[in-house]
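>>> okay, sequence plus prediction incoming.
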Amino acid sequence: MTALKAHEVERFVTRPDLTEGVILCYGPDAGLVRESAYKLSRRFAGDDIDGMNLIVLEGSELEADPARLAVEARTTSLFGDRRVIRVRNVGKAVVMPLTAVIEDPAGAMIVLEAGNLPPKDALRALVEGAKWGRALPCYADSEETLGRVLSDTFSKAGIRVDTDTLATLRDLLGNDREVTRRELDKLLLFADESKVLTEADVLALCADNAALVLDEIVDATGGGNAAALDAALARALANAVNPQQILAASINHFSTLRRWRVEVETGKSPGAVLDGARPKPHFSRKSMLEKQLRLWSDEALSTALERLQATVSESRRHYSMQETLARRALLSLCVSAAHR
């Protein structure tokens, strides 16, 4: 088996143990999926990131022409270098052509980006079971990984940040790596001259960021508050938060609730489960999360996750309708919660 643990992903991206084969980046943190795939593609393509040896495809292209993946992988580079293929928003269409390629990569490196895949998913199972395959689960940052991202970012920029400010940032960020990077870029620009960042600066610049509104969306959905859900969705979409980010955050939220629910069913109180959670949810959300743990059974959470994953697949097939599809799925789950 070549399935990495979540905590091993960062080390693998920095020092991959493959020089050819297939790497699958998947999970509910769409931003981390994209970041990991980008870094790996850049590492394998080297100086030729914009050249002839790197091919970037969309999953929809392979749905129309599944054989293209194998053709691209078998095409010899004009300069004799490694052939690197990055496929974004990959779907089931790649499973068949990938089966032959993964057994004999012939020097090619294929980097795939996918959403949250269950263990029995055909693509995930194929990559995890192959000698030349590596599957990288990309979940929302833990307190430890987020702290490392923050420290590394500010250290490289030469910006001084005290402990309280870092703690505030950890509370505000972390649901999606892309949102985190965008917020950090904003903070780096703000502190570029002073080289100092205070807690007041962070609250002024980030208190209304996309990560917070995503929390509002998932809590309104899980708590059965339709009015709050409608308002949070409107604010997120007005601030250019992608519906795919909203769906990814929702899948991550319900997956986390299900993991916590298992502990509740062993006899722990919802409050005790949340107190022991790592990373620990922000105190302002504790009562809402306790309510959700009382509302949702394991079976209901499983059904909710199936609905969300189906919506992700449908929204990728019908891109122009993704906002409508996301809104419909979340409202349905919200109504379900309200009736519990």
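Done, it's in.
>>> torsion angles phi and psi at E263?
The phi and psi values for E263, taken as degrees, to the nearest 10, are phi -70, psi -40.
>>> hang on, it packs against G271?
No: between E263 and G271 there is no contact, the gap being 11.4 Å when judged by CB atoms under 8 Å. Quick note: C-beta positions are derived from backbone N, CA and C, even for glycine.
>>> more neighbours, those two?
In this view E263 and G271 are compared by other CB atoms under 10 Å, and E263 has more residues nearby, 17 against 13.
>>> list the contacts of that one.
For E263, the contact set (CB atoms under 8 Å, 6 or more residues apart in numbering) comprises 273, 276.
>>> shaky segments in this structure?
The chain contains residues with pLDDT under 70 at 1-2, 47-52, 77-81, 207-211, 283.
>>> mind listing what's buried along whichever strand or helix holds S336?
When elements are assigned from DSSP states H and E, S336 belongs to helix 322-338. Counting neighbours by 16 or more other CB atoms under 10 Å, one finds that the buried residues in helix 322-338 are 322, 325-327, 329-330, 333-334, 336-337.
>>> same deal with stretch 304-317?
In stretch 304-317, residues buried by neighbour count (16+ other CB under 10 Å) are 304-305, 307-309, 311-312, 315-316.
>>> tell me which residues are up against it.
For stretch 304-317, the surrounding residues in contact (CB under 8 Å, 6+ apart) are 59-60, 89, 91, 115-116, 118, 243-244, 247-248, 250-251, 254-255, 258, 296, 321-322, 325-326, 328-329, 332-333, 336.
>>> could you list the domains of the chain?
In terms of domains, the chain is parsed into 6-137, 143-206, 210-338 (source: automatic domain parsing).
>>> mind listing the strands for the protein?
Using DSSP state E, the strands of the chain run over residues 21-26, 54-58, 84-88, 109-113, 133-137, 160-161, 196-197.
>>> in JSON lines, list the ones you listed along with mean neighbour count and distance to V149.
Rendered in JSON lines, the data for those read as follows (neighbours: other CB atoms under 10 Å; distance: least, CB to CB, whole Å):
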{"stretch": "strand 21-26", "mean neighbour count": "26", "distance to V149": "17"}
{"stretch": "strand 54-58", "mean neighbour count": "18", "distance to V149": "25"}
{"stretch": "strand 84-88", "mean neighbour count": "23", "distance to V149": "22"}
{"stretch": "strand 109-113", "mean neighbour count": "27", "distance to V149": "20"}
{"stretch": "strand 133-137", "mean neighbour count": "24", "distance to V149": "17"}
{"stretch": "strand 160-161", "mean neighbour count": "18", "distance to V149": "13"}
{"stretch": "strand 196-197", "mean neighbour count": "17", "distance to V149": "15"}
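>>> a markdown table for those, including distance to L173?
Rendered in a markdown table, the data for these read as follows (distance: least, CB to CB, whole Å):
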| stretch | distance to L173 |
| --- | --- |
| strand 21-26 | 20 |
| strand 54-58 | 28 |
| strand 84-88 | 24 |
| strand 109-113 | 22 |
| strand 133-137 | 20 |
| strand 160-161 | 13 |
| strand 196-197 | 13 |
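>>> closest to Q292 out of these?
Taking CB to CB as the criterion, Q292 comes closest to strand 133-137 out of the strands of the chain, the separation being 23.7 Å.
>>> residues contacting stretch 120-135, please?
Taking contacts as CB under 8 Å, 6+ apart, the residues outside stretch 120-135 that touch it are 1-4, 12, 16-18, 20-24, 26, 90, 92, 94-95, 98-99, 102-103, 105, 112, 114, 117-119.
>>> what about 7 Å?
Applying CB atoms under 7 Å, 6 or more residues apart in numbering, the contact partners of stretch 120-135 are 1-4, 12, 18, 20-24, 26, 92, 94-95, 98-99, 102, 105, 114, 117.
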